[in-house]
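>>> Generate a structure from the sequence data that follows.
(one chain, ligands or ions: 1)
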Amino acid sequence: MIKLNVQSAINEQIKKEEYSSRLYLAMAIWCEVNGYPGASKFLYEHADEERMHMMKLVHFVNERGGKAQLMNIEEPTHDFESLLDVFEKVMEHEEYITESINNLYEVAITEKDYTTMNFLQWYITEQLEEENLFNTILDKIKLVGADKAGMFHIDKELDGMALAPAPAE
Ligand code: OFO
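Residues are numbered from 1 along each chain as shown. Model (predicted):
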């Protein structure tokens, strides 16, 4: 049976993953209406991936005899200055999520909840991969600067960037 404070820490993380999904959805929409179809497709897919992150946590809490709980979430930012601004905000957000996962792991350590610690390993690895991925994208965007042809190329690249298939739950 999952301890109540571990459950409530995971429920907080569920909220953050749900917010991540909506934030990337808002970014995908901005990209779609601002002439970046590739970035838009990439971010729509990423919004789905964040929902999957949320669902894994939901199932985990329920399977451990607890109850996942959804909370109110604030409206995400809708307006961005540029594609660079979008990906800078993605990076900022991912760093925040990494910190949050680390804090959640700390709760599991304190409670000697080895099952949760083991489960969270997946998220720790995932965050490392996501930060690396977004850093690479951000570097490329910074490199092309205001060059329109370069930006077009990056958008094409984002279009072709396949996400890792969702692991079986
Ligand atoms: Fe859920 O990994 Fe990104 O935020």
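>>> Please report how far L133 lies from F42.
Between L133 and F42 the distance is 10 Å, computed by C-beta to C-beta, to the nearest Å. (Glycine included, C-beta is placed from N, CA and C.)
>>> More neighbours: the two, which one.
F42 (24 against 16; other C-beta atoms under 10 Å).
>>> For the worst-scoring helix or strand of the chain on mean pLDDT, what is the distance to the chain centroid?
When each helix and strand of the chain is scored by mean pLDDT, DSSP states H and E, helix 148-160 comes last, with a mean of 93. Its chain's C-alpha centre and that of helix 148-160 lie 22 Å apart, by C-alpha atoms, centre = their mean, to the nearest Å.
>>> Kindly format the C-alpha coordinates of it as PDB.
Extracted as PDB, the C-alpha positions of helix 148-160 are listed here (Å, rounded to 0.1, in the frame of the first residue of the first chain):
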ATOM      1  CA  LYS A 148      15.000  32.400 -42.800                       C
ATOM      2  CA  ALA A 149      16.400  29.500 -44.900                       C
ATOM      3  CA  GLY A 150      18.000  28.100 -41.800                       C
ATOM      4  CA  MET A 151      14.800  28.300 -39.900                       C
ATOM      5  CA  PHE A 152      12.900  26.600 -42.700                       C
ATOM      6  CA  HIS A 153      15.500  23.800 -42.600                       C
ATOM      7  CA  ILE A 154      15.100  23.400 -38.800                       C
ATOM      8  CA  ASP A 155      11.400  23.200 -39.100                       C
ATOM      9  CA  LYS A 156      11.800  20.400 -41.700                       C
ATOM     10  CA  GLU A 157      14.100  18.600 -39.300                       C
ATOM     11  CA  LEU A 158      11.600  18.900 -36.500                       C
ATOM     12  CA  ASP A 159       9.000  17.400 -38.800                       C
ATOM     13  CA  GLY A 160      11.100  14.400 -39.300                       C
END
